[in-house]
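# here is my input, please return the structure:
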Amino acid sequence: MTERTPIRVLIVDDSAFMRAALTRMIGSEPDLEVVASASSGADALERIPSLNPDVVTLDVEMPDLDGLATLRHIMHRFPRPVIMVSSATERSAEITFQALSAGAFDYVPKQLSAASLDIDHIHADLVAKIRAAVPGPNLATPNSRKPPCSAPLNAATSTVLPVIPDIVALGVSTGGPKALQDILPRLPHDLPVPILIVQHMPPGFTAPFAQRLHSLCSITVREARHRELILPSIAYIAPNGFHMRAVRRLSDSRVMISLDPSPAQALHIPSVDVLMESVATVYGSRALGIIMTGMGSDGAIGMKAIYRAGGFTLGQDKATCTVYGMPRACAEQGILSRVVPLTEIPEEIIRATRRRRAS
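Okay, the predicted model is just below:
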């Protein structure tokens, strides 16, 4: 078997310390190769045509030509996967979300202290996203249009959801910020159900992301708060470091949000599985679970719980996923009621909730 050619990476960062650290991290992987590093956006733009890297890692905050401006030049002149490397600050988070809208593949937060870099965290995250940006045989490519064979295709041809949901639970990871920016603004202001969202994000990013979505949407979008009631026309985003659950209030049986860091051993905090299992318990057959783009399999257990409770499970299709991991895990278990492109997800929600109004 012929070995795969290493993924060639150009590192762009104005910090010599960061360039050296990223070079060590990426260069330590046998399937990755650092072809060069650049200290500025202008330097990167000069070198990309001759180097032709497969992936560019790009610092968000740089003097002169900053990361966002550099990204726009790259996507216009020689488009390729770009991973933004961002500080975990509110300003950097907002710029990062603008970069995702401008075509960046994903982002990785760099965690700096006065004297050190949190290399261990960045290493795993960055390497995984570089590999995801240049798909191998087990990952989706932008032109791959074959639906998951294990999905129930007869359900996909149906025009009416068999359930009328009281809640939407949505799980998403890699590629999620851009995907959510594409679908949530298309929902009406009077959406008669709430939406609970787990989007895997680093600390410091969920609140700015919720604010950004709120500015784009007709519905209310906010970072979830512990013990607040779950109300229609609001999308609640789970904060980093806390699992989000739907629980019934003992005093009056109304449903509220519970935020809890346990289980601390979960691979992701918040976890899509934890959210969806709670939704299956509280709402049963009146739940609509949606699994979207992302690496790994978080959400497969929770979607199975909703499916077995008689709820409806909707998966984003392979062709429109940035990374076909989380929906794939559900499709392979045969627990998706329907598989649709990203652009059709809002209509699925609207169609189901229209029936709720009429019922």
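# all contacts plus neighbour counts: C-alpha atoms, from now on.
Will do.
# in the helix or strand hosting residue 279, what counts as buried?
Here residue 279 sits within helix 272-283, counting by DSSP states H and E. Residues 272-280, 282-283 are the ones in helix 272-283 that count as buried (16 or more other Cα atoms under 10 Å).
# distance from the chain centre to it, please.
19 Å (Cα atoms, centre = their mean, to the nearest Å).
# identify all contacting residues around the very next helix or strand once past it.
Following helix 272-283 in sequence order, the next helix or strand is strand 287-291 (DSSP H and E). By Cα atoms under 8 Å, 6 or more residues apart in numbering, the list of residues contacting strand 287-291 from outside reads 163-172, 276, 279-280, 299, 303, 306, 311-316, 326-327.
# C-terminal to strand 287-291, what's the next element?
Next along from strand 287-291, by DSSP H and E: helix 300-308.
# ok, what's across the strand from residue 108?
residue 85 (DSSP bridges).
# count the neighbours of it for me.
Close neighbours of residue 108, defined as other Cα atoms under 10 Å, add up to 24.
# so the residue lying closest to residue 175 once chain neighbours are set aside, which state does it fall into?
Distance criterion Cα to Cα, 6 or more residues apart in numbering; nearest residue to residue 175, sequence neighbours excluded, is residue 322 at 5.3 Å. Classification of residue 322 by DSSP: H, G, I helix; E, B strand; the rest coil places it in coil.
# ends of stretch 267-277, how far apart?
Across stretch 267-277, the terminal residues are separated by 16 Å (Cα to Cα, to the nearest Å).
# likewise for stretch 270-289?
End to end - Cα to Cα - stretch 270-289 spans 16 Å.
# avg pLDDT for it?
Mean pLDDT, stretch 270-289: 98.
# try stretch 245-256
Here the average pLDDT along stretch 245-256 is 94.
# now do the buried residues in the helix or strand that residue 36 is a member of.
If you go by DSSP H and E, residue 36 is part of strand 32-38. Going by neighbour count (16+ other Cα under 10 Å), the buried part of strand 32-38 is 32-38.
# farthest pair within the residues you listed?
Farthest apart among the buried residues of strand 32-38 by Cα to Cα are 32 and 38. That separation is 17.4 Å.
# rewinding a little: mind giving me the packing neighbours of the strand holding residue 36?
strand 7-12, helix 16-27 (3 or more Cα pairs under 8 Å, 6 or more residues apart in numbering; DSSP states H and E).
# wait, which of these is closest to residue 353?
strand 7-12 (44.9 Å).
# contacts for stretch 227-235, please.
Counting by Cα under 8 Å, 6+ apart, 189-197, 219-222, 254-259 sit against stretch 227-235.
# so which of those residues sit within helices?
For the contacts of stretch 227-235, not one is inside helices, with DSSP state H as the criterion.
# can I get stretch 320-340 in PDB, CA atoms only?
What follows is stretch 320-340, C-alpha atoms only, in PDB (Å, rounded to 0.1, in the frame of the first residue of the first chain):
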ATOM      1  CA  THR A 320     -22.600  19.500   3.500                       C
ATOM      2  CA  CYS A 321     -20.700  18.500   6.700                       C
ATOM      3  CA  THR A 322     -17.300  20.200   7.200                       C
ATOM      4  CA  VAL A 323     -16.400  16.900   9.000                       C
ATOM      5  CA  TYR A 324     -18.700  13.900   8.600                       C
ATOM      6  CA  GLY A 325     -18.000  12.400  12.000                       C
ATOM      7  CA  MET A 326     -20.900  12.900  14.500                       C
ATOM      8  CA  PRO A 327     -23.700  12.400  11.900                       C
ATOM      9  CA  ARG A 328     -21.800   9.400  10.500                       C
ATOM     10  CA  ALA A 329     -21.700   7.700  14.000                       C
ATOM     11  CA  CYS A 330     -25.500   8.100  14.200                       C
ATOM     12  CA  ALA A 331     -26.100   6.900  10.600                       C
ATOM     13  CA  GLU A 332     -24.000   3.800  11.100                       C
ATOM     14  CA  GLN A 333     -26.200   2.800  14.000                       C
ATOM     15  CA  GLY A 334     -29.400   3.300  12.000                       C
ATOM     16  CA  ILE A 335     -30.800   5.800  14.500                       C
ATOM     17  CA  LEU A 336     -31.500   8.700  12.100                       C
ATOM     18  CA  SER A 337     -35.100   9.200  11.000                       C
ATOM     19  CA  ARG A 338     -34.000  11.500   8.200                       C
ATOM     20  CA  VAL A 339     -30.800  12.800   6.600                       C
ATOM     21  CA  VAL A 340     -30.900  16.200   4.900                       C
END
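# ok, which stretches of the stretch 1-150 of the chain are strands?
7-12, 32-38, 55-59, 82-87, 106-110 (DSSP state E, counting those that start in this stretch).
# how does this protein divide into domains?
What automatic domain parsing lists as the domains of the chain is 7-133, 153-358.
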